[in-house]
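J.: sequence and predicted structure, then a few things I'm wondering about:
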Amino acid sequence: MSGTSADAIDVALVQISPTHPQLLAHTARPLPSALRAEILRIAEGAPATAAQISQLNFRLGHAFAEAALAALRQFRIPASRIALIGSHGQTIFHQGRPVPFLGHPTASTLQIGEPAIIAARTGIPTVADFRPADIAVGGQGAPLVPFADYLLYRHAKLGRVSLNLGGIANVTVIPANATPAQIFAFDTGPANMLLDALVARFTHGRHHFDKDARLARRGRAIPALLNELLRDPYLRQPPPKSTGREYYGAAYVQKLLALAKKHRARPADLLRTITLFTALSVVDALHGFVLPKIKIHQLIVSGGGAHNPLIMAQLAAALAPIEVLPSSQLGIPEDAKEAYAFALLAYETWRQRPSNLPNATGATRPAILGKISYAPPR
């Protein structure tokens, strides 16, 4: 799994049985800086030729294969013991809702990281490109992790929300004693994406994220700027909905810099305000679309944002008496949950079973997700 921030490749080793999928180990491998820069350049909509996208697709496939093989060496597991690899791929474009294109309403998504390369270099069948099958049946292709959230967090008596704070923030709502048809999910808005971009800019590339919110702690929140950000039209849009770098990318960062100048916010003030915006956009989404309908007892947080103490403290303060806890307290480390989820999705595809949740994606019916690349004959 490599997320919207494209800063690392997460690898999870999962043992799957019909009743109890188990995370055995996980690790992360940084993406080479030149590869990351090219991913972000193209994902931000910079001009790119078909040749550049094709080359990047294959180069990234090699990087994913190397990450898988390095992880197996670290785990001391021979590749021959691995039945299947699931690879989400790197999203470079996502348009979940149809928009006019060549005279027809069209939705589309594009994840790269050629799975045939992964299968050939590892000798392991590889399932990838999960999102298009959901879009083909009227869904937005996202979010797909709710399938794993349901298996992990369904509880007979407790209503739960699983919140992932990656580049984008997304929630899965799991009512007490829920059936799969009762699960719904959506992207609430930005999470680490804006913070990471601002940190890289303000530190001239020396840092790529605000570790422990150290930079944001030096600033003060600007209430007028925060209120302006909370009027973002995406936040008002009802679910199902999904978003990404196409909306909260470079152009949005330029908008933030202009607003900071308007409100005379120093860099640390802007980081503090955006950190609060991340938390409060989640809180607004829960109050607007979830809590009026469903009793929630716990918010379970995963992703890189779960390590940000300012975000976690704001969530806890704004959502009391709902208990806010990191996913590690329930057995899945914060940085492993999404890679773990796509292992489960790959397994379902291998067994020819659907794993989208239509209430989460807006699809008209279930779909078997992904495409299989078989390893070369031994």
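T.: Sure thing, it's come through.

J.: need the contact list for the most centrally placed residue in the chain.
T.: Among the residues of the chain, residue 166 comes closest to the average C-alpha position under CA atoms, centre = their mean, at 5.0 Å. Listed by CB atoms under 8 Å, 6 or more residues apart in numbering, the contact set of residue 166 reads 3, 4, 5, 191, 192, 303, 304, 305, 338. C-beta here means a position set from N, CA and C on the backbone, and glycine is covered the same way.

J.: just the buried ones from those?
T.: Those of the contacts of residue 166 that meet the buried threshold are 3, 4, 5, 191, 192, 303, 304, 305, 338, by 16 or more other CB atoms under 10 Å.

J.: in this structure residue 305 contacts residue 192, no?
T.: Yes - using CB atoms under 8 Å, residue 305 is in contact with residue 192, at 5.4 Å.

J.: and stretch 193-204, which residues are buried?
T.: Buried positions in stretch 193-204, judged by neighbour count with 16+ other CB under 10 Å: 193, 194, 195, 196, 197, 198, 199, 200, 202.

J.: do the same with stretch 65-73
T.: Applying a neighbour-count criterion of 16+ other CB under 10 Å, one finds 65, 66, 67, 68, 69, 71, 72 buried in stretch 65-73.

J.: with stretch 156-170 instead?
T.: By 16+ other CB under 10 Å, the buried positions in stretch 156-170 come out as 158-170.

J.: what's the neighbour count on residue 20?
T.: For residue 20, the neighbour count with other CB atoms under 10 Å is 8.

J.: correction: residue 7
T.: Neighbours of residue 7 using other CB under 10 Å come to 19.

J.: beyond whichever strand or helix holds residue 257, next helix or strand please.
T.: For residue 257, the host element (DSSP states H and E) is helix 250-262. Later in the chain than helix 250-262, the nearest helix or strand by DSSP H and E is helix 267-289.

J.: and the angle for that next one with helix 250-262?
T.: Between helix 267-289 and helix 250-262, the angle comes out at 120 degrees (axes from the mean of the first three to the mean of the last three CA atoms, to 10 degrees).

J.: okay, helix 267-289 in CSV with CA atoms only?
T.: Extracted C-alpha coordinates of helix 267-289, given in CSV (Å, rounded to 0.1, in the frame of the first residue of the first chain):
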residue,chain,number,x,y,z
PRO,A,267,3.8,29.6,8.9
ALA,A,268,3.4,28.0,12.3
ASP,A,269,-0.1,29.7,12.7
LEU,A,270,-1.2,28.2,9.4
LEU,A,271,0.0,24.8,10.4
ARG,A,272,-1.8,25.0,13.7
THR,A,273,-5.0,26.1,11.9
ILE,A,274,-4.8,23.4,9.3
THR,A,275,-4.2,20.8,12.0
LEU,A,276,-7.4,21.9,13.7
PHE,A,277,-9.2,22.1,10.4
THR,A,278,-8.2,18.4,9.8
ALA,A,279,-9.8,17.4,13.1
LEU,A,280,-12.8,19.6,13.0
SER,A,281,-13.7,18.6,9.4
VAL,A,282,-14.0,15.1,10.7
VAL,A,283,-16.1,16.3,13.7
ASP,A,284,-18.4,18.3,11.4
ALA,A,285,-18.9,15.2,9.2
LEU,A,286,-19.8,13.0,12.1
HIS,A,287,-22.2,15.6,13.5
GLY,A,288,-23.7,16.3,10.1
PHE,A,289,-24.0,12.8,8.6
